[in-house]
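Okay, sequence plus prediction incoming.
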Amino acid sequence: MSTPLYEQVSVGDDLPAIAKPPLTRATLALFAGASADHNPVHIDIDAARDAGLPDVIGHGMLTMAYVAQVLTGWVPPSAIRSYSVRFVAPTRIGNALTCTGAVVAKDLGPDGAVRIALQAVDQFGDVKVRGEAEVLLARRDTI
Amino acid sequence: MPIEVEKGRIRQFAAAIAESNPIYFDEAAARAAGHPTILAPPTFAFTLSILHPQAIDFKSMGLELARILHAEQRFTYGVPIYAGDVIRVRARISDTYEKKGGALDFVHMMTFGRNQRDQPVFEMMGLIACRRRNLP
C-alpha cells in the first residue's frame, strides 16, 4: 500500500471501495464474541422478536468497522484523527454491504488534514451508515 | 481497574470484521510497518468500553437491552492501541432525553481511554436510543 501525499489528493477523489460478503448469523455471532457486544438482539431471534423485530439485526459497530476499512485501505490506521458515523438503518441478515468514501475537504489546517465522507449501502442501494473522518496526510515537504 | 489488551482479542476482533491487513495479526508485519507489535483496528476502543469493569449498565437505567439501537458513534484518536497495553477507561453519561412523546429514550455517553504511559488513546462519543415497550 502506498500512502497518498496531501498534494496528490483532490476534493472529489474517491477512495477504493470495499465490498463485504452477505451478513450471516455466523458473522454476527463471531462479532458478538470478538467485540464483547452480547446484546441478544444481534444473536437470538427469540429476543429480537420479543423486542418487536422480525429477525436479528446486525451490530452497528460491525458496519462501522467495515466502513473503517475504506480508510485503513487508503492510509495507515495511525493517520486517522477522528471517525464518526450515524447509523441510518439497521443491517439485516443477507445484506451485502458496499463501503465507499470520498475526499470532501482539504485545507483544514496547516498539518495536511483532509475530510472524508463515508457510507455503507446494502445490495438494494439502501444507506445503512453515513460517516465522516479526518485523516492526516504527509505533505511532500515534510518527508 | 485498567484493562490489558490481549493479542488474541485483537486477532479475534480483526478476524470477526473480515480484516486481512497483517498488522492486526502478525508481529513481523506490524514491525515492518513501524509498530512495536500488533495494533488494534480503529473501532476496537468500543470493545474496551464494554470490557471495562465499570461499563455503563443500561439495565440498571431501566433500558431493555434488546430494544437499544445505536444512533451515533464518534472516535477521536490519540496514540495507537497496541497488544500488551494496559488501558484505563473512564465513561460518563453526558445527557439523557426522550423523543417522540416518550417512545424513545436517548443516552449520550462520553468515554476516554489512556494507556499505561498516561497517553490518551481514544475519546468516544456514543448515542443510543431505546424503544419503550408499547403499552397494551
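Received, thanks. Residues are numbered from 1 along each chain as shown, chains lettered A, B, ... in the order given.

which stretches of chain A have low pLDDT?
Filtered on pLDDT under 70, chain A yields the residue ranges A:1, A:142-143.

tell me the centre residue of it?
Most central in chain A under Cα atoms, centre = their mean is A:V67, positioned 1.5 Å from the mean C-alpha point.

so the residue sitting nearest the centre point of chain B, which of the three states?
Of all residues in chain B, the one closest to the mean position by Cα atoms, centre = their mean is B:F46, 0.9 Å from it. At B:F46 the chain is in helix, as set by DSSP: H, G, I helix; E, B strand; the rest coil.

excluding its backbone neighbours, what's nearest it?
Residue nearest to B:F46 in three dimensions, not counting chain neighbours: A:M61, with 5.4 Å by Cβ to Cβ, 6 or more residues apart in numbering or on different chains. Placement of C-beta: from N, CA and C, glycine included.

Give me the residues contacting the longest strand belonging to chain B.
Determined from DSSP state E, the single longest strand within chain B is strand B:86-99. Under the criterion Cβ atoms under 8 Å, 6 or more residues apart in numbering or on different chains, residues B:2-5, B:48-49, B:52, B:54-56, B:81, B:104-116, B:121, B:129 lie in contact with strand B:86-99.

list the contacts for residue 48?
Assuming you mean chain A. With contact set as Cβ under 8 Å, 6+ apart, A:A48 has these partners: A:P40, A:V41, A:P54, A:D55, A:V56, A:I57, B:A66.

Let me rephrase: I mean chain B.
Contact analysis of B:L48 by Cβ under 8 Å, 6+ apart lists B:I3, B:V5, B:I81, B:I87, B:V89, B:G113.

just to revisit the earlier point, how is the residue nearest to B:F46 assigned, secondary-structure-wise?
Secondary structure, three-state DSSP: A:M61 is helix.

same deal with the one 4 residues further on?
Reducing the assignment to helix, strand or coil with three-state DSSP, the entry for A:A65 is helix.

how far away is it from chain B?
Distance from A:A65 to chain B, counting by Cβ to the nearest Cβ, to the nearest Å: 4 Å.

do you know how far that residue is from B:K99?
For A:A65, the distance to B:K99 (Cβ to Cβ, to the nearest Å) stands at 27 Å.

And for A:A105?
Here the distance between A:A105 and B:K99 works out to 31 Å (Cβ to Cβ).

ok, back up a step: compare A:A65 and B:K99 (neighbour count), which wins?
Taking neighbours as other Cβ atoms under 10 Å in any protein chain shown, A:A65 and B:K99 compare with A:A65 leading, 26 against 10.

where exactly do the strands run in the chain?
You didn't pick a chain, so chain A it is. Taking DSSP E as the criterion, chain A contains strands spanning A:18-19, A:80-87, A:98-105, A:113-121, A:127-136.

Let me rephrase: I mean chain B.
B:3-4, B:68-77, B:86-99, B:104-114, B:120-131.

and of these, who's closest to A:Y83?
A:Y83 lies closest, by Cβ to Cβ, to one member of those: strand B:68-77, at 5.0 Å.

Between strand A:127-136 and that closest one, find me the angle.
Angle, strand B:68-77 to strand A:127-136, by axes from the mean of the first three to the mean of the last three Cα atoms, to 10 degrees: 10 degrees.

Is strand B:68-77 in proximity to chain A?
Yes: counting by Cβ under 8 Å from any Cβ of the partner chain, chain A is contacted by strand B:68-77 at B:I68, B:L69, B:H70, B:A71, B:E72, B:Q73, B:R74, B:F75, B:T76, B:Y77.

Out of the strands of chain B, which is closest to A:C99?
Across the strands of chain B, closest to A:C99 is strand B:68-77 (Cβ to Cβ), at 15.3 Å.

re the thing from before, ok now do the residue nearest to B:F46, which residues does it touch?
Taking Cβ under 8 Å, 6+ apart, we find A:M61 in contact with A:F31, A:S35, A:D37, B:T43, B:F46, B:H70, B:Q73.

repeat that for 7 Å
Taking Cβ atoms under 7 Å, 6 or more residues apart in numbering or on different chains as the criterion, A:M61 is in contact with A:S35, A:D37, B:T43, B:F46, B:H70.

for B:A55, same thing?
B:A55 touches B:S49, B:A91, counting by Cβ under 7 Å, 6+ apart.

In the sheet, which residues pair with the nearest residue to B:E72 once chain neighbours are set aside? Tell me.
The shortest distance from B:E72 to any non-neighbouring residue, by Cβ to Cβ, 6+ apart, is to B:L127 (4.1 Å). On the basis of DSSP bridges, B:L127 is bridged to B:E72, B:H108.
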